[in-house]
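Peer 1: quick one, structure for this:
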Amino acid sequence: MKQAVLTKSLNFITKYKNYSEEDINKLKYGLEGIYLTITKMIIIVLLSIIFGIFREVIILLFLFNIIRYFGFGVHARKSSECLISSILLFIVFPFVFLKWSISKDILFYLSIISLITFIPFAPADTIKRVFKNKKKRYIRKILTILVGIIYLIISLMTKGKIMSKLLQLSIIIQAIVINPLTYKILKQSYNNYRNVD
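Peer 2: So this is what the prediction gives:
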């Protein structure tokens, strides 16, 4: 099905204009990314509705994407890996922490530990997006830590238990995606900037 959708989309785009082979390859890559993102989001949304955490998952995704923008982190190479890890991080984690009676102290301490890991590990680059510039890496590190601290402070000040948990969960998930162990599990290289001249 994926190939059929991509082929039809590419045929439609290239119907009225001639593109170079390089441009067509870029279009294919972009279309595949859009297709995978949409199908993944449909599955995540459907599962969140089934588990009764739709609103919470949407908020968590929003919060996480803000902190990820600065701290970046691992990207799965295969769409199946991406889907499985997304279900684990954005369906299983929220369901467990929101629906089960896990102590707020445990979540708080996990958030603190996660925040501390931002110091050595943020930002975490990938082979496709290498952070060569030392100054920019430092700025990203500071901003990741700052957003994490702001999230933690808001989570302690807010009266809403669910919002507090979602803020802390976004810190924990960001710590997972920048951790070298996660890169190792997914068989990806870490600190790619060290291998660039």
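Peer 1: gap between stretch 9-20 and the chain center?
Peer 2: Relative to its chain's centre, stretch 9-20 lies at 32 Å (CA atoms, centre = their mean, to the nearest Å).
Peer 1: nope, stretch 119-134 is what I was after
Peer 2: That offset, for stretch 119-134, works out to 15 Å (CA atoms, centre = their mean).
Peer 1: go on, stretch 126-141?
Peer 2: Using CA atoms, centre = their mean, the offset of stretch 126-141 from its chain centre is 17 Å.
Peer 1: alpha carbons of that stretch, in PDB - could you do that?
Peer 2: The C-alpha trace of stretch 126-141 is given here as PDB (Å, rounded to 0.1, in the frame of the first residue of the first chain):
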ATOM      1  CA  THR A 126      22.200  11.500  14.300                       C
ATOM      2  CA  ILE A 127      24.200  10.500  11.200                       C
ATOM      3  CA  LYS A 128      21.800  12.500   9.100                       C
ATOM      4  CA  ARG A 129      21.900  15.600  11.400                       C
ATOM      5  CA  VAL A 130      25.300  16.100  12.800                       C
ATOM      6  CA  PHE A 131      25.900  19.000  15.200                       C
ATOM      7  CA  LYS A 132      29.400  20.100  14.100                       C
ATOM      8  CA  ASN A 133      29.300  23.600  15.600                       C
ATOM      9  CA  LYS A 134      30.500  23.500  19.200                       C
ATOM     10  CA  LYS A 135      28.900  26.700  20.200                       C
ATOM     11  CA  LYS A 136      25.500  25.600  18.800                       C
ATOM     12  CA  ARG A 137      25.800  22.300  20.600                       C
ATOM     13  CA  TYR A 138      26.400  24.200  23.800                       C
ATOM     14  CA  ILE A 139      23.400  26.500  23.200                       C
ATOM     15  CA  ARG A 140      21.200  23.500  22.500                       C
ATOM     16  CA  LYS A 141      22.400  21.800  25.700                       C
END
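Peer 1: so which bits of it are buried?
Peer 2: Of the residues in stretch 126-141, 126, 131, 137, 140, 141 count as buried by neighbour count, 16 or more other CB atoms under 10 Å. Heads up, the C-betas are built off the backbone N, CA and C, glycines and all.
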